[in-house]
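*Asks:* my questions are about this predicted structure, shown below with the sequence.
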Amino acid sequence: MSAVPARLLDRKDAPPLFDVDAERLERMLMVLDLRRKKVGWITIAGDLGISVRMAQDDYELILKRAALERVEQQRREMAADLEELMRKAWEVLDANHVVVSQGHVVSEIIGQWPMIDVDGNPMMMTDRETGELVRNPFSGQPHKNAGQPIYGDALKDSAPKLAAIETLRKLNESYCKLFGVDSAIKIDQNVSVNFTIDGVSPADLS
């Protein structure tokens, strides 16, 4: 068995490892190394001759209570991964997204082109006897846009932003748990907190 590192702890927010003997600490370090190599819990338990629950307890204990260099390196790597995912989620949240249907951008219909010919003359006229709309005999070829919808801005799609918000919420929870800041934040029930996000309806956030 290798020597136990002398510097076990310098974090003020975690208790020392006085209740962990050298053999247990060695096993904890082995569990940590195996998890950094992405080894599964069942394999770790089998290799070390312990239960999966014991392996998980060792891993949780050394992450929360030790400040060994390998633990801190693990924290830094995990934090960097989470921060990169957060950065990508914020890019999605900050971007403008439009509704797309069958490969085409969907825009708001704000009106309709009048029924006119290429010279701007009305294509239809009211029959004086019947009062019905009939073809204007003096009109020429229809304008290419005659009767077609007039489109405005593209419709905004809030779904990607809502998904990014949920992703950021989960990533933030993981980040807080990584550094032991996972206690609930209490807010006075009489305090009302309001915020808006561009492109997302307040109703979708409720």
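*Replies:* Arrived safely. Residues are numbered from 1 along each chain as shown.
*Asks:* C-alpha only now, for contacts and for neighbours.
*Replies:* Will do.
*Asks:* the host helix or strand of residue 86 - contacts with which helices or strands?
*Replies:* Using DSSP states H and E, residue 86 sits within helix 69-94. Taking 3 or more CA pairs under 8 Å, 6 or more residues apart in numbering; DSSP states H and E as contact, the helices and strands that helix 69-94 lies on are helix 52-65, helix 159-178.
*Asks:* for residue 107, list the residues it contacts.
*Replies:* 99, 151-155 (CA atoms under 8 Å, 6 or more residues apart in numbering).
*Asks:* next, it: phi, psi?
*Replies:* Torsion angles at residue 107 (phi, psi; degrees, to the nearest 10) stand at phi -110, psi 160.
*Asks:* identify the bridge partners of it.
*Replies:* Beta-bridge pairing of residue 107 under DSSP bridges involves residue 154.
*Asks:* start the count at 314, not 1, going forward
*Replies:* Fine by me, first position is 314 from now on; the one you just mentioned is residue 420.
*Asks:* follow-up on the earlier one: turn the helices and strands packed on helix 382-407 into CSV, including distance to residue 339.
*Replies:* Below are those laid out as CSV (distance: least, CA to CA, whole Å):
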stretch, distance to residue 339
helix 365-378, 10
helix 472-491, 22
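*Asks:* which of these sits closest to residue 386?
*Replies:* With CA to CA as the criterion, residue 386 lies closest to helix 365-378 of these, at 10.6 Å.
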